Each structure stands twice: as structure tokens, then as C-alpha cells.
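Asker: need coordinates for the below:
(3 chains)
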Amino acid sequence: MKAGWPLLGAALLLPPFLPISDYTLHIIILVLLWAFVYTSWTIMGRFGLVSLGHGAFLGLGTYVTALLWNHYGLTPWAGIPLGVVVAVAVALVIGYPCSRLKVVGHYFALVTLALTEVVRLSIVAWRDVTGGSLGMTPNAVPPESIVALQFTKFTWYWVALGVWALGLVVWHRVDRSMTRSAMDAIADDETAAAAVGINVTLQKLLVTTVSAALTAFGGALIGQYQMYINPDTMAGVGVSLQIVFAAISGGMYVILGPTVGAILTIVLQEFLRVLFGTRCIGAAATIYGIMLIVFIIFMPAGICGVIVARMRKRRAVAAAAPAAG
Amino acid sequence: MLEIAGLEAGYGGFRALHGVALTVRAGEAVAVVGPNGAGKTTLMRVISGLLAPVAGRLAFEGADLAAVPPHRIVERGIAHVPENRRLFPRLSVEENLRMGAFAPASRPHFTERLEWVYSLFPRMRERRAQLAGTMSGGEQQMCAIGRALMSKPKLLLMDEPSAGLAPVIVDQVFDLVRRIRQEGFTVLIVEQNVRQVLELVDRAYVLEVGTIRRSGSAAALQADPAIREAYLGI
Amino acid sequence: MDIFLVEAIVNGLLLGGVLALLALGLNLIFGVIDVVWIAYAELVMCGMYAIYWLHTYYGVPLPAAAVIAVLFVALLGVLVHKLIIAPILGSAPINQLLATGGLLFFLQSFATLLFGADFRNVGLRLPIIEVGEIFVSFARLLAFGVALVGMVGLWLFLKRTYIGIAIRAIAQDREVMILMGVDPQRVYLVTSAIGGGLAGLAAALLVLQYDVHPSIGLSFGPITFMICVLGGLGSMIGGFVAAFIMSQIIAIGGFYTSIELSYVLAFLLFIVMIFVRPQGIFGGRS
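Answerer: Predicted coordinates:
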């Protein structure tokens, strides 16, 4: 098994060189970019901080970047960090009172839901600048412009692969950190965690900040890649729920869970879209909706969660057998 | 009327009752006494169906109680006045009493039984529109007993009716129980206040660490030196 | 005072009636079953489509279609509980919220599949009434009136019937309800049906004023949750008052700025309120 990982890593370098269609490459890039966003969500979601507000961070990242580029000609190299800073600032303004006042569970979900709607509606309301609900397109330059961060699909693949890997590294670092044990304790019993000296507010804000920053970063890149952004697909309740569901269906307690969620949801959507064509708009999403319900009822740990649990069980059986003999 | 044999029950891995056997005959008043944590409340919860027993026989008027769904127990004629009264604090007194008559068989008799409960406890008539949670402890206990009586039970279970009340109020509550007795109800009562409850009942069981240690008539137990020393402080 | 401002306030008041109806339904479900149906506004959408479909394709008169819609959405409420909530009643509350979020996706896209993304209306033109210098749409007035009647009906039900009192009591002590001979599952089903029925009633009132389209739920779903929380989740009177506060913010805010910014204002107020008074305007200390 250990020997398999380098092979798998090598395989990830292949796609741009394979004789696959532009469309297939496009789907792979989308999967990688969204997998990064979903991974970012699980960094806080796995600790019981179920945010329905990640649409807000996604929207802030993407709109700040695109607006600065279109209206001031500011390169995304500066625009993206600014978008991330804005998202983090918003995350702190909401996150701080949430942790201090112990806003958890339903209330946390609803506060973040309100936040995402505030961002979406603000974008719509500011239509003179943002294009409102019609969306906007970053001013295009001929491709392969490093300054404008506009590339061909070939280059985008490497960018997407890079940020996806970055997401996994951050996830892994958090997983192995003291913060993780602290957050697990907090998720288990906040009062008890505070009693043993864990700084609950600090730890919560830490994961919230990391999660919001990465999400804003991912949003900005998705906007740059698609060259079209829209408040409904990048900022509202819809995209917030999309993020939560992909992360949950893949499995938010396993490093590759959100990636599997991204593969599942995007490939499924595309597959159903091709299958039903434009004659049956909504068919794909209908099946998707049913699957989400079924997932949450029967498989709340997600696909990867179930696989990992099975593997552990098998390993435990295998380990117990020789000991018994 | 109520026959329990070999009863085992508990929560999760914790076994609170070990092989408890107990009988209540029609018209009797029986007490279960014992220290805190002996399993008295668990016993009551098993009888009224809130807790499923692990093993043992539980029969009421010859029928197996374990096979009855918990919310059907009251229809069989067992009403439970739970520990700490457990009224619906934001419902009025009358609404609380109405919930006591929720079972379909009780509903047609609601008005007449309400009158009867009000005549037993005139204080409840005065307080009929008041929110139950705003009354004093003693009044709440009256309301809780009244609520149980609304189903006109054959067997009334009372769990620590005197708990948490001031001594004067405790006397009043025991007077209430005495009146319920005189009305002809069969009563199974759990109490820590051993001295007073033994004045009230016909027979009693002593439950310690989940096992019945002694049983007998109230008079015999009152005379038992071990009981006198452990529970009556003499 | 500006006559148009007065008109906005009156319209806000009338909208508040329907929002209060919705908040009441959601609050009832939350108070009794302890779950948040994120897809509640989508049930309203289902009711609106049902009326549209019955009226436009089968010529069913609107009042009859409205009654059918109320029953239909009540049935949907029962199904939501039976199929989605009941199997996961014991798991984390957030899972129940998310499962109904999946339902939101499903209903939205299923409606798109059946009716397409077009805006549709029942083609009814109700008169505009002139009161002094103010113009008030009759549809809104009717909606307000029926919503009030619906709420009074619900109040009487919760006050006078056994099952109604049980619905209020079960949130206060679930276990003791069993001692009273109440089957909690039955209470949950009745509550779900009532919650659905109220959504159906709201649908009948909204279909007179708004076009129906698959994502109409998103335009008043979030505000309904905010109202419930603002009034104190589970508190009926609080939800009622909060509905009128929120609808006034939207109406007056919309008058001075734009409709989107007035919603932004309402949501921001909600966020601040959660921090300042998490138990709601009328909630007691928890």
C-alpha cells in the first residue's frame, strides 16, 4: 500500500499529456479547484462548526479579485490576497462573537446562512459595479498572462493541482496539530474543554480563519479559471449548501473525503447533464438532491468515512488473528 | 394486581435492579423504601414502561406488561406521579389536568373527573388558570397527583412525593396520600421519608443496592431493630 | 409623511401577516420536534405550483385549488417527517437540518424538471383598492386577512384540543407525555402535517401576489428562519411580532434604498440580535 502513493502521485502529473479532450481536462480542473474549496470547508466543519456561510467567503474572494482587476487594473496577484484579507476580516467579525457567546448548532448554521445572504444580496444590490445577478466577466487578455492570471487549460491544470495539494497539506497539518485535539475536545464538550485550560475562542478562530482564507483563495481562482462569476453560483445559500454536501458525501473526517465528494458531485452532475441533455433541465439536480438525503440518512460519515471504517475493521481482525493463533 | 418477579433492569451497562420481586394486591398501599441510588426510581420507571426491563416477569391483572407499548400503560390503569412532579410548567393547571385525561377512554369523563379532582383539591380550582410552573412546590405536587388521578387509575405509582418540600408541606402531602387511600385507590409509593410513609401504608419493601432486602407489614418493619436503626434513627 | 412611505408601511404590514404564518409553522415544528426544516419555503413553492397546475390545466377554481394545496402540502409535511426526519431523529440536529437541505435541492430541481425555470402565474388580476390617497392591492389585503384567520384557527386548536395541548406540552417534557398516554411519534406527525398545512395556506396567499418559479423559496425562506430565531425559536408570539418587525424593515428599507439592501439590513439585524439576545426578543432567560 505504501508503495502505491508515489505511483498515484506520478499518475496525477499525467492528464495534460494524455490524449484526452479539452472537456475532460476542464472537468478535472474543476474537480481539483472545487475539491480545494471543499477541503477548506472541512477544516472547520469536521469540528462541528457547520458553516452555511462559506458562500460568503467564496464570493468575497472572487468578487474582490475580479472587481479590482476590472475597475482598477489591479493584478490578481494583489487582488487575491486582498480578497482573502477581506474574507478573513469578515470571518473574524462573525466568528469572534460566535465563539465568545457560544453560538453553536442551529444558531451557528443560521448566523452563517444570514452572512452568506448578506454577501450575495450586497453583490446584487451593487449592480452598477458588480453587474448584479447577471454576473460579471473579468476583462480578458490573451491567454498565458501571468500578470492577469489567465492561462490555457494546460497551465490551469498545474495551478489547480498545486492548490489542491496545498489544501491537503493544510488539512494534514491541522489534523496533526494540537489545535485538532483541542477542537475535538471542544466539539465534545465545550465547557469541559475550557475547564482543562483550552482557549476555546482562540482555537475556534484559528480554524475559522484558515478555512475562510483558503475558501476565498479557491473562489478567486475558480473565478479566474471560469472567467465568469455570478452571485447565485458564487455567493448564496445555494453554493454554501453545495459545499457542505460535497464535503459530507465524500467524508469530512478523512483527508481525501472532500476530493471524493468533488469527484462524485461534479462528475455526477456532468454525467447526468450529458445523459439528459437540455431537454430535461433539473433532472440531474433532482437525482443529486435525492442522493444527498440518502447520504445524510444512511451514510453521515461519507464515502471515505465508510471505507476507512471498513479498512480499520479488517486491519483489526487481521491483527487479532495471529495474536489468537 | 401487580406481580413482579426476577426483575433485572438498568441503563446501558449499569444494572440498577437485580432479581426484584414484589406484589401489590388490589386495595393495598405498599411502600418501597431505601437509601438514595437503591434503584427505587428505576423500579417505578420499569412499571410504567419508561424503561424496558432486561429480564423478569411484570404482570398487571394477569397480563404481561412488557408487551404493552409505553404510551399504552396508562390505558391499562397504571398512573405514575413522577419524581420531582414533572408538570408542564408553561401550561395552566387545568391544561395539565387535561393531559392526564389524554387517553381515549378518559376523555368522555373529563368534566366529571375534573370536578372530582377539584373537590379533592379545592386549591387547584382556585389556581386553574395559573401556569403550573409558577405555583409552590406543595401545590405542584397536588397538581401532579391530580393529573395522575384524571385517568382514574387502578394503580397509582408515586415516586418520592415528599422530595424537595418543606417539612410542613411534607405533612400536607402525606395527608393527601392518605386521602387518596381513603378514596379506595391502590397505591405503590417510593419514599426516603421512611418514618412517615410507614405510618401510611399496609406493607413495605426495603430496597438496597438493587435488591429487596426485607419486606413485611408496616407494623412489623417499624418494630424491626435493623430498620429502626438504619432508617428511623432510633 | 410621504404618501409612498405610508404605502410601503401598509404593504409591509400586509406582507408581515403571511410571513408570520410561515414563521408560525416553522416555529411549531422546531418547538415540538426540535428540527429546522431548511426546505420549508420550498414546500410553499410546491403548494404554489399545485394551485397553478390545478387552476391552469384543469380549470379548478382557485378557492378549491387552494384547499387542495393546503391538504397536499400537509401530506408533504407528513412525508418529510416520515421519510427524512424520523429515521435520523436520534442523530445530531445539524444532520436533520442538512437532510432537509438536500430536500431543498430536490424540490427545487424537481420543480424545474416539471415546470421549467419560467415564471408562472395564475393569471388572476385582483383590483387595487384606493383608501384615501393610498393604493392597496386587494390580493395583499386578502392574504393578510386569511393569514390572521389561519393564525387564530391554529391558536384555538392549540388551546382547545387534546392533541393541540399535547403539541404545546411535549416540548416542555417529552418523557412525561408518554406517562400521559401520548405517543410522541403521533404528535410529531400531526405537527408536521400542521406545519405543512400552514405552508400550503401561505402558498395559496402568495400565489395571488407573486409569480411562481423553482427558486422562489430562496426569496423568502431565509427571512422566515431569521424571523423564527428573532422571535425566539419555539416561541409563537415572538415569531408573530418578529414577522412584522422584519417586514417593516424590508418595506421601509426598500422604500429608502433597494429591496436587496433592505434584506441585507434585515439579515445584519438578525446577526446582531443573535449575539445580543440569542433567546429572541421575547424569549426568557434559558
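
Asker: can you list the residues of chain C near chain B?
Answerer: Where chain C comes near chain B, counting by Cβ under 8 Å from any Cβ of the partner chain, the residues are C:162, C:165-166, C:168-169, C:172-173, C:175-184. In this view, the C-beta of every residue, glycine as well, is placed from N, C-alpha and C.

Asker: could I get the buried residue list for the longest helix along chain A?
Answerer: Counting by DSSP state H, the longest helix found in chain A is helix A:200-226. For helix A:200-226, the neighbour count (16 or more other Cβ atoms under 10 Å in any protein chain shown) marks A:200-201, A:203-226 as buried.

Asker: before we move on, the earlier item: quick one: buried ones out of the residues of chain C next to chain B?
Answerer: The neighbour count (16+ other Cβ under 10 Å) marks C:162, C:165-166, C:168-169, C:172-173, C:176-182, C:184 as buried among these.

Asker: which of these lies closest to chain A?
Answerer: Within those, proximity to chain A (Cβ to the nearest Cβ) peaks at C:Q172, which comes in at 19.0 Å.

Asker: now do the contacts for the residue in chain C positioned nearest to chain B.
Answerer: For chain C, the residue closest to chain B is C:G181, as judged by Cβ to the nearest Cβ, at 3.9 Å. With contacts defined as Cβ atoms under 8 Å, 6 or more residues apart in numbering or on different chains, C:G181 is in contact with B:71-75, B:102-103, B:151.

Asker: circling back: what mean pLDDT does the longest helix of chain A have?
Answerer: Averaging pLDDT along helix A:200-226 yields 94.

Asker: who are the packing partners of that helix?
Answerer: Using 3 or more Cβ pairs under 8 Å, 6 or more residues apart in numbering or on different chains; DSSP states H and E, the elements in contact with helix A:200-226 are helix A:22-45, helix A:54-72, helix A:76-100, helix A:153-176, helix A:178-188, helix A:190-195, helix A:231-234.

Asker: which parts of the top helix by length along chain B are buried?
Answerer: Using DSSP H to define each element, chain B has its longest helix at helix B:167-182. By neighbour count on 16+ other Cβ under 10 Å, the buried set for helix B:167-182 is B:169-170, B:173-174, B:176-177, B:180-181.

Asker: same question, stretch A:7-24
Answerer: Quick answer for stretch A:7-24 (16+ other Cβ under 10 Å): A:15-16.

Asker: just the strands in the stretch 101-250 of chain C please.
Answerer: Applying DSSP state E, counting those that start in this stretch to the stretch 101-250 of chain C gives strands spanning C:128-131, C:134-137.

Asker: as TSV, those with mean neighbour count, distance to A:R173 and mean pLDDT would be great.
Answerer: Putting those into TSV (neighbours: other Cβ atoms under 10 Å in any protein chain shown; distance: least, Cβ to Cβ, whole Å; pLDDT from 0 to 100) gives the following:
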stretch	mean neighbour count	distance to A:R173	mean pLDDT
strand C:128-131	10	63	81
strand C:134-137	15	59	82
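
Asker: between those, which one is closest to B:P82.
Answerer: strand C:134-137 (54.1 Å; Cβ to Cβ).

Asker: residues making contact with the closest one?
Answerer: Residues contacting strand C:134-137 (Cβ under 8 Å, 6+ apart): C:3, C:6-7, C:10-11, C:14, C:126, C:128-130, C:209.

Asker: switch the cut-off to 7 Å
Answerer: C:3, C:6-7, C:10, C:126, C:128-129 (Cβ atoms under 7 Å, 6 or more residues apart in numbering or on different chains).

Asker: kindly report the same for stretch A:260-280.
Answerer: Everything outside stretch A:260-280 that qualifies as a contact, by Cβ under 7 Å, 6+ apart, is A:27, A:30-31, A:34-35, A:38, A:246-247, A:249-251, A:283-284, A:287-288, A:302-304, C:113.

Asker: residue ranges in chain C under the pLDDT threshold?
Answerer: Within chain C, the stretches with pLDDT under 70 are C:1, C:234, C:281-286.

Asker: hmm, try it at 80
Answerer: C:1, C:92-94, C:123-126, C:131-134, C:232-235, C:277-286 (pLDDT under 80).
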